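> Here is my input; please provide its structure:
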Amino acid sequence: MDIGDSHSYLGMHAVMRNGYVMIDMRNFIDKLLQEHGNDVREFDTPADKNIFSVDQRTTMLAEPERKEFHTTVAKLLYLTKRARPEIATATGFLCTRVTKATEQDRIKLRRVLGFLKRTRGWTLHLPRTRMLNHTLEWQYF
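Purely as a prediction, here's the structure:
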């Protein structure tokens, strides 16, 4: 089955050419950043050396803020698994914090968003193999 050269599906834009598949989720990232305002500061890395530290004295997020935190982390997890594996470590940690999110966790989340803002044009390039073709044909398109 030939799926053509370019397809969009659930926030992913896949372009097939020259033996590889490029997965671009720039529009998904732009929408995610819009939800968090224009004041997201850019960062060179998705996390700092203290990503796994938890300060028990930090203020817990109010329930509406915690729910927004949870929603954003879920979107980051989706993005991580589809096209941006370099945010996996930070996203994985944030996933452990969704039920007990604090101000410190929100700062870590905003750092991931800042990294995505800085690198929004990055795409995932995968070799176009028989297995990948099968996955793209049956799972995504």
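
> can you give me the strands in this protein?
Remark: strands assigned in the chain by DSSP state E are 6-9, 12-17, 20-24, 124-127.

> So which elements touch the second one?
Yep, that's strand 12-17 we're talking about. For strand 12-17, the packing partners by 3 or more Cβ pairs under 8 Å, 6 or more residues apart in numbering; DSSP states H and E come out as strand 6-9, strand 20-24, helix 26-34. (Each C-beta comes from the backbone N, C-alpha and C, glycine too.)

> Also the third one?
When contacts are defined as 3+ Cβ pairs under 8 Å, 6+ apart, strand 20-24 packs onto strand 12-17, strand 124-127.

> could I have the shortest one exported to PDB, CA atoms only?
Coordinates of each C-alpha in strand 124-127 appear next as PDB, following Å, rounded to 0.1, in the frame of the first residue of the first chain:
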ATOM      1  CA  LEU A 124      12.300  13.500  14.000                       C
ATOM      2  CA  HIS A 125      13.900  11.700  11.000                       C
ATOM      3  CA  LEU A 126      13.500   7.900  10.800                       C
ATOM      4  CA  PRO A 127      14.800   5.600   8.100                       C
END
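
> tell me how far the ends of stretch 113-126 are from each other?
24 Å (Cα to Cα, to the nearest Å).

> T80: how many residues sit nearby?
Around T80 there are 20 other residues, counting by other Cβ atoms under 10 Å.

> ok, back up a step: make a markdown table from the helices and strands packed on strand 12-17 and add mean neighbour count and mean pLDDT to it.
Output for the helices and strands packed on strand 12-17, formatted as a markdown table (neighbours: other Cβ atoms under 10 Å; pLDDT from 0 to 100):
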| stretch | mean neighbour count | mean pLDDT |
| --- | --- | --- |
| strand 6-9 | 13 | 82 |
| strand 20-24 | 17 | 88 |
| helix 26-34 | 16 | 95 |
